[in-house]
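Undergrad: below are the sequence and a predicted model for it; my questions follow.
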Amino acid sequence: MTINEDHKYHKFTEKTLVEFTYKENNFNIIPPIIGVLFADLFGNAIMTFEYNKNSRYGLIKSYLSEKNSKNILEIDLISMFFSSFSSFASNTNIQDLSHLEIHGSNIKIQIKFLLDKFMIITFLNSKTFLPLNMQEQILEYFSDLIKNHENKLINFNSDESKNLIRELKYKGKCWLDKFNKTYIQNFKKGYLKKNDYIENFIEKINPIIKNEIKEYIQNIPEDIMNDLSREIKNKIQDKVFELVFKLFKK
């Protein structure tokens, strides 16, 4: 295998690894961040940002109902249901309730409460792990909306508020598109970084392979030895990928 072929093999391996892990996490079926529902603490849905890029993915409610089901859960019912958690906390001794998280096998839901007036309900692929900085970005985005438009968001049914909310929903959709794109880019970089760790490990094995070849095959030409050691190294690398697959799932 030539250097150029080795480079192509490396790129092919990277691409295969990323595609495999992407599908293994069901990101081809369910996006990392399905959508965000912004509501008041009475359960009134004020606005929803949904990620259905080029109609590749479904709307939030499509993931909350059985496929082809006639009984599709409406967004307003979702926010009303989760508002009950806040009421429950206020009527019991649960103090300073700031967030909740519900896990399912297909999706998970994160609920965060803001200023004792609003809540953010984020719908995620169950395999999505939002790092702290991305969670803070979501909070910051909606905190800024509240800071700039609190009165209109509280009085969301007024004509003036409805015009503003339509504009905010459009901007929010664009924000969510970028947010998903950033998450997917970071996800791929993370797996490629793990791939690099393995390749560095394999490179340390390479001199051992060459020494063993020299020991058992006397007077072997350098170019043949390099090709043979590279082939052995690639075989070992493929096997290592299989053995550490659990690492890639974490």
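TA: Ah, there it is. Numbers count the residues shown, from 1 in each chain.

Undergrad: all strands of the protein, in order?
TA: Ranges of strands within the chain are 33-40, 45-50, 99-103, 107-114, 118-125, based on DSSP state E.

Undergrad: by contact count, what packs against the first one?
TA: Under the contact criterion of 3 or more Cβ pairs under 8 Å, 6 or more residues apart in numbering; DSSP states H and E, the helices and strands touching strand 33-40 comprise strand 45-50, helix 75-90, strand 118-125, helix 132-154, helix 159-216. Glycine gets a C-beta too; all of them are placed from N, C-alpha and C.

Undergrad: could you redo the last one with a cut-off of 7 Å?
TA: strand 45-50, helix 75-90, strand 118-125, helix 159-216 (3 or more Cβ pairs under 7 Å, 6 or more residues apart in numbering; DSSP states H and E).

Undergrad: lowest average pLDDT across the ones you listed?
TA: Least confidently modelled of these is helix 75-90, at a mean of 73 by mean pLDDT.

Undergrad: returning to that earlier point: pick the most buried one from the strands of the chain.
TA: Mean neighbours per residue, mean count of other Cβ atoms under 10 Å, is largest over the strands of the chain for strand 33-40, with a mean of 24.

Undergrad: give me the buried positions along stretch 209-223.
TA: Across stretch 209-223, burial judged by 16 or more other Cβ atoms under 10 Å covers 209, 210, 213.

Undergrad: identify the residues contacting the first one.
TA: With contact taken as Cβ atoms under 7 Å, 6 or more residues apart in numbering, residue 209 is in contact with 229, 232, 233.

Undergrad: one more: the last one?
TA: With contacts defined as Cβ under 7 Å, 6+ apart, residue 213 is in contact with 220, 225, 228, 229.

Undergrad: any idea how far residue 234 is from it?
TA: Note on residue 213: its distance to residue 234, by Cβ to Cβ, to the nearest Å, is 15 Å.

Undergrad: cool, residue 133 as well?
TA: 37 Å.

Undergrad: more crowded one of these two?
TA: Counted by other Cβ atoms under 10 Å, residue 133 and residue 234 do not tie: residue 234 has more neighbours, with 16 against 8.

Undergrad: quick one, domains of this protein?
TA: Listed domain ranges for the chain are 3-25+189-248, 33-176 (source: automatic domain parsing).
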